[in-house]
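S.K.: for reference, the sequence and a predicted model appear below.
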Amino acid sequence: MELSDSKQVIVERHNKVVYVDGGRIVKVFKATKPASDVFNEALNIARVIEAGVRVPKVLEVSQVADGSWALSTEYVEGVTMRSLMDAAEGTPEYDKLLEQFVDFQIEIQGIHGSELMKDQKTKIAGMVGKAPELDPSVRYDLQMRADRMAPGRSICHCDFNPSNVIVAEDGTLYACDWTHVTRGLPEADAAMTYILFKMYHPGHAEAYLDLFSKKADIAKQKVHYWVPVMAAAELSRGRKDAEEFLRSQVDAAVDTD
């Protein structure tokens, strides 16, 4: 894959750099990223599109000049929900945007995922087992919670946050970044979104949870039940920037059990 000289960096993470390059978005991963992970993300996108979710379609998966793998998707003219929320902070417009965000999440969760998608229960239980430096008794308790997870058929983004929602110029919403998608329970998916709000936008976490609970008709207690499990699973990704916070979410649940 060749990138043009006019490409612009959108965001840079520990494992990738994301560019806008003409009519496409290109994720260029670090050389340590396995090819199988990149192709798997492309496969995830194809499956959720086939299921009926609004997602920028895959254009190409190939290597760039230095041998690293890259994934390109179509560029949707618009802005992220995050940027709109930041601009509307403290105004009634923020509440409208949060409602749109929650409605879109529930819309996605209302679509049944393919049986070929990763099973949420299996994936989360495995990740909890790999979470570093957890007390063995705590790890066991959280794995047992995951093992008791009821079967679910909903498409669960599992990284659904305002930065991963594009608002097109006509107001249509598109969801991006499908690396972690699973087929499972909406309340566990919402628990991950709640964690992300608490990490990066703590002043709006409870408003998100209140709105999700009412609109999805799911008790907040059900979402809270999965918070320590999803936090422990996230620890297994080696997110050093969020390790202290994630551990606090696990510890808080242990202290109340």
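M.R.: Everything's here; your move.

S.K.: any chance you could map the helices in this structure?
M.R.: Assigned by DSSP state H, the helices in the chain fall at 35-51, 81-87, 92-109, 120-130, 136-147, 186-200, 205-216, 220-235, 243-256.

S.K.: okay, those helices in TSV with mean neighbour count next?
M.R.: Glycine gets a C-beta too; all of them are placed from N, C-alpha and C. As requested, those are exported to TSV (neighbours: other C-beta atoms under 10 Å):
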stretch	mean neighbour count
helix 35-51	16
helix 81-87	16
helix 92-109	18
helix 120-130	20
helix 136-147	16
helix 186-200	23
helix 205-216	17
helix 220-235	22
helix 243-256	15
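
S.K.: out of the ones you listed, which comes closest to residue 169?
M.R.: helix 81-87 (12.4 Å; C-beta to C-beta).

S.K.: follow-up on the earlier one: export the helices of the chain as TSV, with columns for distance to residue 62 and mean pLDDT.
M.R.: Conversion of the helices of the chain to TSV gives the following (distance: least, C-beta to C-beta, whole Å; pLDDT from 0 to 100):
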stretch	distance to residue 62	mean pLDDT
helix 35-51	9	97
helix 81-87	29	98
helix 92-109	28	99
helix 120-130	27	94
helix 136-147	36	92
helix 186-200	31	97
helix 205-216	38	99
helix 220-235	30	96
helix 243-256	34	81
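
S.K.: quick one, which of those is nearest to residue 14?
M.R.: Comparing the helices of the chain by C-beta to C-beta, helix 243-256 comes nearest, at 13.2 Å.

S.K.: contacts for that closest one, please.
M.R.: Around helix 243-256, the neighbours that count as contacts under C-beta atoms under 8 Å, 6 or more residues apart in numbering are 134, 138, 141-142, 195, 198-199, 227-228, 231-232, 234-235, 239.

S.K.: before we move on, the earlier item: ok, which of the helices of the chain comes nearest residue 161?
M.R.: That would be helix 186-200 among those, by C-beta to C-beta, at 4.4 Å.

S.K.: separation between the residue nearest to residue 154 when sequence neighbours are not counted and residue 58?
M.R.: Leaving aside its sequence neighbours, residue 154 sits nearest to residue 109 (C-beta to C-beta, 6 or more residues apart in numbering; 4.4 Å). Distance of residue 109 to residue 58, given as C-beta to C-beta, to the nearest Å: 22 Å.

S.K.: any idea which of the helices of the chain gets closest to residue 70?
M.R.: Across the helices of the chain, closest to residue 70 is helix 35-51 (C-beta to C-beta), at 7.7 Å.

S.K.: mind giving me the packing neighbours of the closest one?
M.R.: Secondary-structure packing of helix 35-51 (3 or more C-beta pairs under 8 Å, 6 or more residues apart in numbering; DSSP states H and E): strand 58-63, strand 69-74.
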